[in-house]
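Engineer: Got a predicted model here, sequence first, then my questions.
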Amino acid sequence: MGDPLHRVRTEHFDAVFMLGGEDDEDTVDNVDVLVTLPDGTRYSATFLTLGAIERWMDSEPEEYERLQFQCPDLVITRYAGVPAMTRVLEMAHARGELGSLLVELDPRPVDED
């Protein structure tokens, strides 16, 4: 596959999707993303489809059945792939909802050099 850090630049933000070694940007259904606004504000999220959650929950033998799933910055999407997830981010930005959809990160430390 390609570069594990897949950058998408839009008019309103940059998004870096952190793909795994076997992930394809068009079909990935479990991926972390870092979103940066022009003012430097940064957000993170973990995008998962329902299928990805189901596979994870079913991945243990029955005697260790996973009864719950928790992820603090979870965004569940209907469709897999970086283009579909970017569309979710664009729609959230247009509605002024990025701050409620994603987890805001601490500001970057300023270099003192």
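Structural biologist: Perfect, thanks for sending it.
Engineer: Let me know the next secondary structure element after the helix or strand encompassing Leu89.
Structural biologist: Assigned by DSSP states H and E, Leu89 belongs to helix 82-94. Per DSSP H and E, the first helix or strand lying C-terminal to helix 82-94 is helix 98-101.
Engineer: helices or strands up against that next one?
Structural biologist: strand 42-49, helix 82-94 (3 or more C-beta pairs under 8 Å, 6 or more residues apart in numbering; DSSP states H and E). All C-beta atoms are positioned from the backbone trio N, CA, C, and that covers glycine.
Engineer: which of the residues in that helix are buried?
Structural biologist: Within helix 98-101, the residues that count as buried by 16 or more other C-beta atoms under 10 Å are Leu98, Leu101.
Engineer: Kindly report the same for stretch 15-32.
Structural biologist: Buried, per 16+ other C-beta under 10 Å, within stretch 15-32: Ala15, Val16, Phe17, Leu19, Asp23, Glu25, Val28, Asp29, Asn30, Val31.
Engineer: what's the pLDDT at Trp56?
Structural biologist: What the model reports for Trp56 is a pLDDT of 87.
Engineer: That one reaches Gln68, doesn't it?
Structural biologist: No. Using C-beta atoms under 8 Å, Trp56 is not in contact with Gln68, being 11.1 Å away.
Engineer: Output the lowest-mean-pLDDT helix or strand in the chain as CSV - backbone C-alpha positions only.
Structural biologist: Within the chain, no helix or strand scores below helix 50-57, which has a mean of 90 by mean pLDDT, DSSP states H and E. The C-alpha trace of helix 50-57 is given here as CSV (Å, rounded to 0.1, in the frame of the first residue of the first chain):
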residue,chain,number,x,y,z
LEU,A,50,-19.9,-0.5,12.2
GLY,A,51,-18.4,-3.5,10.4
ALA,A,52,-14.9,-2.6,11.9
ILE,A,53,-16.4,-2.5,15.4
GLU,A,54,-18.2,-5.7,14.9
ARG,A,55,-15.0,-7.5,13.6
TRP,A,56,-13.1,-6.2,16.6
MET,A,57,-15.8,-7.3,19.1
